[in-house]
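**Q** My questions are about this predicted structure, shown below with the sequence.
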Amino acid sequence: MKTPPGMSVIVRTTTRVVSGFILIFGCYVLASGHSGPGGGFAFGVIVALALLLVLLAFGREAAKKFIHRRIVALAAGSSVLALLVIGLLGYLGTPEAPGGSFFLQFLPQGKPFQTLSGGTALLADLAVGVMLAALIFGVLTSLSLFHGRQRPDTSEPVEEVAPNHVDVPKEE
Amino acid sequence: MQDVTMLVYLLMGFMILGSLVAIETADLLSSVICVGAVGFALGVLDLVLCAPEVALTLGVVEVLTLVVLIRMVRTRRDTYHATSHDTLAIGLVTGGLAVVLTLACVFALGGLPAFGQPKMLMAMPYLENGLARNSMTNYVASILLDFRVYDTLGACAVIFAGVTGAYAVLRKKGKRT
């Protein structure tokens, strides 16, 4: 029987169950970031970790089908641009400050401990998080460490590896 | 406060021990695991010192780097042995740098005000105006994402540029074989 790329059945089944919950936890960390510990940075890394779990368990080709490379690049680029646009929208000004300034707080700020409070800070947090998740996942897929291809098990470690040699990973 | 101080010293001792083992061990995988243990001890230290946000972020980043490093060690399988000659040269350069930096610090820090003297000069405006300005109860996020969001934009640009460079190095298309 031909074994599919990636890890064993146990890991794959666990990944199917758990990865969604990890993503939800990341969203919780983002949504509670302005009233408690958490925030965009942790959100980005948690989402990247969930995607890394899928990448490790199912192999790189399956993960590519799951999330296309173009989507990753689009998310990374557009979120950095969105952060800049949030700053530039501050020039529109508010009734209190008609001229406006870079990164002016132009949204209603809400009440403390509300989920939707903080105005532009929440949007900026979201932009930072999406950017980090996309960039980390993009770099991980670009690395040659996560091919997930099978290779006959050699008990002896490879003796001589040239510095630029890209090794096909050995499955454990 | 006494027990917290003891815990901090214990954790720092553990981290120093872990770093020494990570440097001295011959096996790369053991070295990587020691580095991970040091990182998690740093996360626990942040938690003890009442910085849950830093602890959360540090723990998550630590997991990510640990997974990547272990994967790298298991796929690459090359071990480098530093010879005594290398160690001597590196030690001499590091020691010289340390001496120069210490002298520079002694020279430069003489003109500064005493330690903690203008008390809360920078922090007070943030603490006084933060809640009224953006109604965020997490003051760290408030400073990072509202007061100093311009800095955050710069940091994002730096990360974006760095990762774009990594893409350019790691790309397949147009690479000479």
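**A** Alright, I've got the coordinates.
**Q** Need the phi and psi values for residue A:107.
**A** For residue A:107, the backbone dihedrals (degrees, to the nearest 10) come out as phi -100, psi 160.
**Q** what does residue A:83 give?
**A** Per-residue torsions, residue A:83: phi -60, psi -40 (degrees, to the nearest 10).
**Q** For the closest residue to it other than its chain neighbours, which residues are in contact?
**A** The spatially closest residue to residue A:83, leaving aside those adjacent along the chain, is residue A:127, at 4.3 Å (C-beta to C-beta, 6 or more residues apart in numbering or on different chains). Heads up, the C-betas are built off the backbone N, CA and C, glycines and all. For residue A:127, the set of contacting residues under the criterion of C-beta atoms under 8 Å, 6 or more residues apart in numbering or on different chains consists of A:40, A:79-80, A:82-83, A:86, B:156.
**Q** Recalculate using a threshold of 7 Å.
**A** Taking C-beta atoms under 7 Å, 6 or more residues apart in numbering or on different chains as the definition of contact, the neighbours of residue A:127 are A:79, A:82-83, A:86.
**Q** For the closest residue to residue B:147 other than its chain neighbours, what is the enclosing helix or strand?
**A** The spatial neighbour of residue B:147 that comes closest, neighbours along the chain excluded (C-beta to C-beta, 6+ apart), is residue B:126 at 6.0 Å. Element membership for residue B:126 (DSSP states H and E) is helix B:123-134.
**Q** Identify all contacting residues around that helix.
**A** Outside helix B:123-134, the residues within contact range by C-beta under 7 Å, 6+ apart are A:105, A:109, A:112, A:118-119, A:121, B:136, B:139, B:142-143, B:146-147.
**Q** Now that helix: average pLDDT?
**A** Averaging the model's pLDDT scores along helix B:123-134 yields 82.
**Q** again, but for stretch A:42-52
**A** The pLDDT scores in stretch A:42-52 average 92.
**Q** how about it, does it reach chain B?
**A** Yes: among the residues of stretch A:42-52, A:42, A:45-46, A:48-49, A:52 lie within reach of chain B under C-beta under 7 Å from any C-beta of the partner chain.
**Q** all helices for chain A, in order.
**A** Residue ranges of the helices in chain A, as given by DSSP state H, are A:9-31, A:40-58, A:60-66, A:69-89, A:120-142.
**Q** How about chain B?
**A** Under the criterion DSSP H, chain B carries helices at the ranges B:2-24, B:28-48, B:52-76, B:84-109, B:123-134, B:139-142, B:149-170.
**Q** For those, give me TSV that also has mean neighbour count.
**A** Supplementary listing: those in TSV, determined by neighbours: other C-beta atoms under 10 Å in any protein chain shown:
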stretch	mean neighbour count
helix B:2-24	13
helix B:28-48	18
helix B:52-76	18
helix B:84-109	10
helix B:123-134	14
helix B:139-142	20
helix B:149-170	15
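**Q** Name the spans of the chain whose pLDDT lies under the cut-off.
**A** You didn't say which chain, so I picked chain A. Scanning chain A for pLDDT under 70 picks out the ranges A:1-5, A:144, A:146-172.
**Q** should've been chain B
**A** In chain B the weaker segments, taking pLDDT under 70 as the threshold, are B:1-2, B:76-85, B:173-177.
**Q** Just the buried ones from the contacts of helix B:123-134?
**A** For those, burial is judged from neighbour counts taken by 16 or more other C-beta atoms under 10 Å in any protein chain shown, and it is met by A:105, A:109, A:118-119, A:121, B:136, B:142-143, B:146-147.
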